[in-house]
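J.: My questions concern the predicted model and sequence given below.
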Amino acid sequence: THCCIMLVDFYGIEATTYHSIESKHKVITSEGAKLDNGRVYRADYMRVMLTELDLENYRLFYRWREMRVIEFKTAKRGYLPPFLTDVLKRHYVRKSELKRNGGANTPEYAIVKSGVNSFFGMTVTRINLDSVTYNGEWILTEHDADYSKEIESQLLLPQWGIYVAAWGRHELLATVHAIENEVPNAVIYCDTDSIKCVHDAKIDAIIQRYNKTIAEKLKRRKLQNSAFSDLGMFDLEYGKPVTRLKTLGAKRYIYEV
């Protein structure tokens, strides 16, 4: 019934599979951390900010000796407001129309696409904590901002963006876990919105079941325009299977179809 954002300390945390899921850039502080391609494989101590969705991910991919919740905030779960989603839907429909009609390389498409992408960025704009003054020389002063007071003055709330990202991570990692349970060691590489895995009929069935649940959600939300027909669903990324894949780490891979 509620969305939860929490500051959490973990002690003796370690990955239970060869998938390490927490990026070192999201870790506030840590001790004795061992990294795998920029992600935490194990740590003697680690402090992170999580949603309840992230905690579900942790339970799938990590084990730990002790967990302490330092701060905890909740808000009633619900949909994003229409003043945001109505405008977003309009941009998304126009983007889909242009792409479908061969306009993917036009300036108009670039503008509409940036309009869609900017919704996330506008909600998670960093709060300014610095002031710069000049009195013969430049002086940079950092301030301890009252976070609650700062976001009260914002039209777009950062927790909206936080939850868009959290849902994306949750859906991706839950699917990875389902695949690994069905076909061990099948997942080779993950991006923020894609899974590179071996070809297997069991995995196809998992993806089809997932896409069916998304189609039902789209129907409940009355997103019946053809532009939304595959919104949030997995598809075959290059239109056909990849025959070879080599990766040197995040965002650095080469493939052959």
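T.: Perfect, thanks for sending it. Numbering: from 1, shown residues only.

J.: Quick check: Glu22 vs Lys76, distance?
T.: Separation of Glu22 from Lys76 (CB to CB, to the nearest Å): 28 Å. No exception for glycine: its C-beta is placed from N, CA and C like everyone else's.

J.: quick one: which of those two has more around it?
T.: More crowded of Glu22 and Lys76, by other CB atoms under 10 Å: Glu22, with 26 against 7.

J.: Surely Ser131 is in a helix?
T.: No: under DSSP: H, G, I helix; E, B strand; the rest coil, Ser131 sits outside any helix and is assigned strand.

J.: Name whatever forms a beta bridge with it.
T.: Beta-bridge pairing of Ser131 under DSSP bridges involves Thr141.

J.: Phi and psi next, for the most centrally placed residue in the chain.
T.: In the chain, the centroid-proximal residue (CA atoms, centre = their mean) is Ala165; its distance is 3.3 Å. Reported as degrees, to the nearest 10, the phi and psi values for Ala165 are phi -70, psi -40.

J.: For it, give its distance to Arg59.
T.: As judged by CB to CB, Ala165 and Arg59 stand 19 Å apart.

J.: what's in contact with the least confident helix or strand in the chain by mean pLDDT?
T.: In the chain, no helix or strand scores lower on mean pLDDT, DSSP states H and E than helix 147-152, which sits at a mean of 75. Helix 147-152 is contacted by residues Ile127, Leu157, Pro158 when judged by CB atoms under 8 Å, 6 or more residues apart in numbering.

J.: so how far is it off the chain centroid?
T.: A distance of 24 Å separates the centroid of the chain from that of helix 147-152, by CA atoms, centre = their mean, to the nearest Å.

J.: Going by residue numbers, what spans are helices in the protein?
T.: Here the chain has its helices, by DSSP state H, at 52-61, 82-100, 107-123, 147-152, 158-182, 201-220.

J.: Please name the residues that touch Leu157.
T.: Thr123, Ile151.

J.: Give me the pLDDT for it.
T.: If you check Leu157, the pLDDT there is 84.

J.: now swap in Ala174 and tell me
T.: We have a pLDDT of 96 for Ala174.

J.: Ser131 and His143 touch, don't they?
T.: Yes: counting by CB atoms under 8 Å, His143 is a contact partner of Ser131 at 6.6 Å.

J.: ok, back up a step: per-stretch mean pLDDT over the helices of the chain, give me the minimum one.
T.: Set side by side, the helices of the chain give their lowest mean pLDDT on helix 147-152, at a mean of 75.

J.: List the buried residues for it?
T.: Of the residues in helix 147-152, none is buried by neighbour count under the rule 16 or more other CB atoms under 10 Å.

J.: same question, stretch 231-243
T.: Gly232, Phe234, Val242.

J.: okay if I get those residues as a markdown table plus pLDDT?
T.: A markdown table is the format used below for the buried residues of stretch 231-243 (pLDDT from 0 to 100):
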| residue | pLDDT |
| --- | --- |
| Gly232 | 92 |
| Phe234 | 94 |
| Val242 | 88 |
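
J.: Test my guess that Tyr163 contacts Asp54.
T.: No: judged on CB under 8 Å, Tyr163 makes no contact with Asp54 at a distance of 10.5 Å.

J.: More neighbours: those two, which one.
T.: Counted by other CB under 10 Å, Tyr163 and Asp54 do not tie: Asp54 has more neighbours, with 24 against 20.

J.: Between the two ends of stretch 101-114, what distance do you get?
T.: Counting by CA to CA, to the nearest Å, you get 18 Å between the two ends of stretch 101-114.

J.: contacts for it?
T.: His91, Arg94, Lys95, Leu98, Lys99.

J.: Please apply the same query to stretch 11-27.
T.: Stretch 11-27 is contacted from outside by 33, 35-49, 57-58, 61-68, 169, 173, 176, 180, 185, 187, 190, using CB under 8 Å, 6+ apart.

J.: Nothing else from me, thank you.
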